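Novice: Show me the folded form of this:
(one chain, ligands or ions: 1)
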Amino acid sequence: MDATASTPARPPSSEPPRHSAVRSLLRLWPFVRPVRARLFTAAAVAVIASCISLVIPLVLKWIVDGPVAAGAPGGVWLGGGFLLFLGVAEAGLFGLRRWLVARPLAGVEAALRERLYARLQRLPVSFHDRWASGQLLSRATTDLQLLRMFLAFPLTFLLVNGATILVGCAILLTQRFSLGLMLLAPVVPLMILCSVFEAKYALAARRALDQVGDLTTVIEESVLGIRIVKGFGRHRSQARMFRRLTHELRTTELRKARLLAVIWGFITLLPELAIGAALVLGTVQVADGALSAGTLVAFLSTALALRWPVDSIGFLLAMSNEAAMATDRYFEVLDAPLAEASDPSPGPRATADDTDGSGPCSGSGDSGGLVFSGVEFRYPDAPGDAPPTLCGVDLRIASGETMALVGATGSGKTTLTALVPRLYDPTGGRITLDGRDLTALSRDEVRGLVSVAFEEPTLFSATVAENVLMGGADLQEADLRRALAVAQADGFVSALPQGPHTQVGEQGMSLSGGQRQRLALARAVAGRPRFLILDDPLSALDVHTEALVEAALRQVLATTTALIVAHRPSTVLLADRVALLSGGRIAAVGTHHQLLRDNAEYAGLMSGTDPVTAGSVPRPRGTSGGTR
Ligand SMILES: Nc1ncnc2c1ncn2[C@@H]1O[C@H](COP(=O)(O)OP(=O)(O)OP(=O)(O)O)[C@@H](O)[C@H]1O
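Specialist: Now for the predicted structure:
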């Protein structure tokens, strides 16, 4: 199967809007409120500037019917000077409006972006499992730019142009009621057309934004996975997928353009027809002497001054619709529920009745250490009929003990370790740390007690020291040195250009897999955690380095309670006891030698033979040492 050519996962909620654009946009009010004074002032300034353009025809009427009819050049010069003043005032006020909105709107955009980022940091891992990263990136970039543009332009100009049209219509009706009515005739059909357009355009706008998110995902994956793309010669299939997504986006953008062209066509055509009809009727009335030439000039100038406010409504509505869709997408992230038990209140299974260890799930007792009692876990996005990933896990790791977790691939080892730092919460049973229910601890308390290193080491764009010491604000240089020594990373770190103050680059790309893994291990042990969770932490190391790291790690493990996912006998031998996880259940617990002797599945896993066919217990590789 062409794995790299499948379409990226869509956000879970990319559905057509179910409420009006206005309701969506109103949700931005809390962000806009702090700058409302400036925005309202800017809108008022723009309304005044726009209405000045409506005064110009009245001055023209005065010039034509007054000084021009009377042949008085002085009056013409006076009128001309006044027109010039009005023009300059209009331009100056529009400039002032721009100055008033620029700075506050940049602040609104920054506040929206900060809020989104803070939310993304707090949302549970299960949320990030479901959402493609490109969809989140596009919300933080493209969508927020759309919102700033909306606040800067369409929001003000829908108001300004609306006010200008109202004042203009009032002037037209007062000057000549019958001609004014003729110009207003297209209003009703235009309103109906605009509401139909709005519904169709909203769908296309939403689709386009989601497609931009898909494209962002593909670009991000191609850049991050460039080694795989090149190594497996996938650049053509990646390019094909990119082309397909670009084509889909182009099709959607063309649909948007077609819809906009149609509505713009009607918005331009109908008023033009009305102006044409009014011009003919007005000219006839001037010829009949029923209307002065100046009034006709003023009437038509006013009608022409209203052309831009009317014409612009099409694309202002389009931009507002896009902003409404961007707002919906933005709030899909902000509305996503945080982890169910982010507060230090007891979780559903940690009731007063069972915190003493006498509840139905507490068979193992809650004295000290790390205790799993009847733990069940099902991934939120797992199919409803799929069995839980973990089922009835009972395991007690005594205080100060090191337990190795062994199991076939996919048996649930990583999932079990992810429950301890509360990356996920169990869907059944409970976990206690030194007798305290995990769900009763605040997340900060959990972070203070538990430290983790995953199989896939993640390093941030920061220095080695910042990466290693990120677990605690009070960690010192001495902690850094000790942690690097435990992870046998001090040698290569001191050889870096600026030692521990060298930037390791995006995802630590400039380091080898083993070096990154050692830095991740150093990060885990730097804060001398009470509980240490290591997911196959030495898998990328050569035999010699692994032996050195293990020797140093033994000293750390002597002072902590640890759970270590292990695939190799050498890692297992770091542990006091071993738990065998099979099909999401703890199948056996014992020392390495006991399990080798008594458990065929374990012996098979350790020897690398198929556990089912491993009738006799084979001699494991590298098991010369004893358990501690
Ligand atoms: N985010 C997820 N959503 C749904 N299912 C998942 C998710 N992560 C893992 N799984 C499934 O849970 C099961 C256990 O996965 P887990 O990573 O815990 O296994 P493991 O024992 O650590 O495997 P390995 O030794 O290969 O690392 C697998 O069937 C896997 O497909």
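Novice: I figured residue 263 was touching residue 197, is that so?
Specialist: Yes: assessed by C-beta atoms under 8 Å, residue 263 is found in contact with residue 197 at 4.4 Å. Yep, even glycine has a C-beta here, placed from its N, CA and C like the rest.
Novice: Which neighbours do the two have in common?
Specialist: 314, 317 (C-beta atoms under 8 Å, 6 or more residues apart in numbering).
Novice: Assign the residue in the stretch 51-200 of the chain positioned nearest to the ligand to helix, strand or coil.
Specialist: Residue of the stretch 51-200 of the chain nearest the ligand, by C-beta to the nearest ligand atom: residue 129 (4.1 Å). Following DSSP: H, G, I helix; E, B strand; the rest coil, residue 129 is assigned to helix.
Novice: now swap in residue 92 and tell me
Specialist: Recorded secondary structure, residue 92: helix (three-state DSSP).
Novice: Which pLDDT value belongs to it?
Specialist: Residue 92 is assigned 91 on the pLDDT scale.
Novice: Next: residue 115.
Specialist: 93.
Novice: circling back to that earlier point, report the separation between the residue of the stretch 51-200 of the chain closest to the ligand and residue 418.
Specialist: 11 Å (C-beta to C-beta, to the nearest Å).
Novice: Looking at those two, which one has more neighbours?
Specialist: Taking other C-beta atoms under 10 Å, residue 129 and residue 418 do not tie; residue 418 has more neighbours (18 against 13).
Novice: Next up, the contacts around residue 299.
Specialist: Contacts of residue 299 (C-beta under 8 Å, 6+ apart): 57, 172, 175-176, 179, 278, 282.
Novice: want to try a markdown table for those, with distance to the ligand and pLDDT as columns?
Specialist: Below are the contacts of residue 299 laid out as a markdown table (distance: C-beta to the nearest ligand atom, whole Å; pLDDT from 0 to 100):
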| residue | distance to the ligand | pLDDT |
| --- | --- | --- |
| 57 | 67 | 81 |
| 172 | 64 | 84 |
| 175 | 70 | 81 |
| 176 | 71 | 83 |
| 179 | 69 | 84 |
| 278 | 66 | 87 |
| 282 | 72 | 88 |
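Novice: Just the ones in helices from the residues you listed, please.
Specialist: 57, 172, 175, 179, 278, 282 (DSSP state H).
Novice: ok, the fifth one touching residue 183?
Specialist: Yes: counting by C-beta under 8 Å, residue 278 sits close enough to residue 183 to count as a contact (5.5 Å).
Novice: roughly how far is the lowest-mean-pLDDT helix or strand in the chain from the heart of the chain?
Specialist: Sorting the helices and strands of the chain by mean pLDDT, DSSP states H and E puts helix 226-231 at the bottom, at a mean of 73. From the chain centre to the centre of helix 226-231 is a distance of 26 Å (C-alpha atoms, centre = their mean, to the nearest Å).
Novice: List the buried residues in that helix.
Specialist: Neighbour counts using 16 or more other C-beta atoms under 10 Å place residue 229 of helix 226-231 among the buried residues.
Novice: do the same with stretch 136-144
Specialist: Neighbour-count burial for stretch 136-144 [16+ other C-beta under 10 Å]: 136-140, 142-144.
Novice: residue contacts, the most centrally placed residue in the chain?
Specialist: By C-alpha atoms, centre = their mean, the chain has its centre lying nearest to residue 136, at 2.8 Å. Shown in contact with residue 136 (C-beta under 8 Å, 6+ apart): 120, 333.
Novice: distance of it from residue 220?
Specialist: 10 Å.
Novice: my read: residue 569 touches residue 605, true?
Specialist: No: between residue 569 and residue 605 there is no contact under C-beta under 8 Å: 9.7 Å.
Novice: Get me the contact residues on the chain for the ligand.
Specialist: 129, 379, 381-382, 389, 407, 409-415 (C-beta under 6 Å from any ligand atom).
Novice: Quick check: the farthest pair among those?
Specialist: Spanning the widest gap among the residues of the chain next to the ligand are 381 and 407, at 22.1 Å by C-beta to C-beta.
Novice: higher neighbour count, the two?
Specialist: Taking neighbours as other C-beta under 10 Å, residue 381 and residue 407 compare with residue 407 leading, 25 against 9.
Novice: Mind telling me what element the closest residue to the more buried one other than its chain neighbours is part of?
Specialist: Nearest non-adjacent residue to residue 407, counting by C-beta to C-beta, 6 or more residues apart in numbering: residue 581, 3.5 Å away. Here residue 581 sits within strand 577-582, counting by DSSP states H and E.
Novice: Now find how far off-centre the following helix or strand past that strand is within its chain.
Specialist: The C-terminal neighbour of strand 577-582 among helices and strands, as given by DSSP H and E, is strand 585-590. Distance of strand 585-590 from the chain centroid (C-alpha atoms, centre = their mean) equals 40 Å.
Novice: Outside of strand 585-590 itself, list whatever touches it.
Specialist: 390-395, 577-581, 595, 598-599, 601-602.
Novice: strand partners of it, parallel vs antiparallel please.
Specialist: strand 577-582 (antiparallel) (DSSP bridges).
Novice: thinking again about what came up before, columns distance to residue 443 and neighbour count on top of the ones in helices among the contacts of residue 299, output as TSV?
Specialist: What follows is the ones in helices among the contacts of residue 299, written out as TSV (distance: C-beta to C-beta, whole Å; neighbours: other C-beta atoms under 10 Å):
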residue	distance to residue 443	neighbour count
57	66	23
172	64	25
175	69	18
179	70	25
278	69	23
282	74	24
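Novice: Okay, now the unreliable bits of the chain?
Specialist: Counting by pLDDT under 70, the chain contains low-confidence residues at 1-19, 339-367, 505-509, 608-628.
Novice: Domain map for it?
Specialist: Domain ranges of the chain: 3-334, 370-453+530-607, per automatic domain parsing.
Novice: Tell me which of the ones you listed sits most buried.
Specialist: Most buried of these by mean neighbour count (mean count of other C-beta atoms under 10 Å) is domain 370-453+530-607; its value is a mean of 19.
Novice: Residue 316 falls within a helix, correct?
Specialist: Yes: the assignment for residue 316 (three-state DSSP) places it in a helix.
Novice: Go ahead and confirm it touches residue 158.
Specialist: Yes: here residue 316 lies in contact with residue 158, judged by C-beta under 8 Å, at a distance of 5.2 Å.
Novice: Now do the strand or helix carrying residue 161: which elements does it pack against?
Specialist: Applying DSSP H and E as the criterion places residue 161 in helix 154-175. Applying 3 or more C-beta pairs under 8 Å, 6 or more residues apart in numbering; DSSP states H and E, one finds that helix 154-175 contacts helix 36-63, helix 177-184, helix 293-305, helix 307-311, helix 313-334.
Novice: quick one, which of these is nearest to residue 542?
Specialist: helix 313-334 (42.9 Å).
Novice: Follow the chain on from the closest one and name the next helix or strand.
Specialist: Next along from helix 313-334, by DSSP H and E: strand 370-377.
Novice: Indicate the residue of the stretch 251-400 of the chain located nearest to the ligand.
Specialist: residue 379 (3.4 Å).
Novice: before we move on, what SS does that residue have?
Specialist: Under three-state DSSP, residue 379 falls in the coil class.
Novice: ok, the residue nearest to it when sequence neighbours are not counted - contacts?
Specialist: The shortest distance from residue 379 to any non-neighbouring residue, by C-beta to C-beta, 6+ apart, is to residue 389 (6.1 Å). Contacts for residue 389 (C-beta under 8 Å, 6+ apart) come out as 377-379, 382, 412, 415, 584.
Novice: sorry, back to before: could you give the angle of the helix holding residue 161 to helix 36-63?
Specialist: 30 degrees (axes from the mean of the first three to the mean of the last three C-alpha atoms, to 10 degrees).
Novice: Give me the residues contacting helix 154-175.
Specialist: Residues from elsewhere that reach helix 154-175, judged by C-beta under 8 Å, 6+ apart: 25, 39, 42-43, 46-47, 50-51, 53-54, 57-58, 97, 101, 179-181, 183-184, 295, 298-299, 302-303, 305-306, 308-310, 312-313, 316-317, 319-320, 323.
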